[in-house]
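[1] Any chance you could fold what I've pasted below:
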Amino acid sequence: MEVAIPTQMKLRDLLASHGETQDAKERLSELVASRAMQMNHLYVDMGFESRVVMGKFMATHFPLLASQKPKETLWKKYLFDLIGEVAPACALCDDRVNCFRCTQEDHLHTKEQDHVTV
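    Below you'll find the predicted structure:
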């Protein structure tokens, strides 16, 4: 668990720097960061019924992050990619194929493709 604390702090700092409101910068960034360290999909650990609801939450409270997230990338993977880490849940996840095998290289490759087509 010692490794998780610095990672959680990096997530919190990332989220806080992109928060739309003071509440997002303080309370919600801490909440999302701590839930991202859990072992389910982020929308599940946040208590949301779907990824769509998660996306709306993030667009409301962290709009810049939401606008820059590739559509096909899941939230947890995207946030961990931004801090250069792999989510603890990725090792046990049954949905790795949809998450591009939870590797940062795949996310960077996807971003390069996005830039080529734009």
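
[2] where exactly do the helices run in the chain?
    4-17, 22-23, 29-36, 42-45, 51-61, 63-68, 75-82, 104-117 (DSSP state H).

[3] between these, which one is nearest to D94?
    helix 42-45 (12.7 Å; CB to CB). In this view, the C-beta of every residue, glycine as well, is placed from N, C-alpha and C.

[4] quick one, which of the helices of the chain is packed in tightest?
    With neighbours taken as mean count of other CB atoms under 10 Å, the helices of the chain reach their highest mean count in helix 75-82, at a mean of 24.

[5] Return the residues in contact with the closest residue in space to K10 that isn't next to it in sequence.
    Nearest non-adjacent residue to K10, counting by CB to CB, 6 or more residues apart in numbering: I83, 4.3 Å away. Taking CB atoms under 8 Å, 6 or more residues apart in numbering as the criterion, I83 is in contact with 7, 10-11, 14.

[6] which of the helices of the chain has the lowest average pLDDT?
    Mean pLDDT is lowest for helix 104-117 among those, at a mean of 40.

[7] could the helices of the chain go into TSV alongside distance to D94?
    Output for the helices of the chain, formatted as TSV (distance: least, CB to CB, whole Å):
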stretch	distance to D94
helix 4-17	21
helix 22-23	34
helix 29-36	18
helix 42-45	13
helix 51-61	16
helix 63-68	26
helix 75-82	14
helix 104-117	17
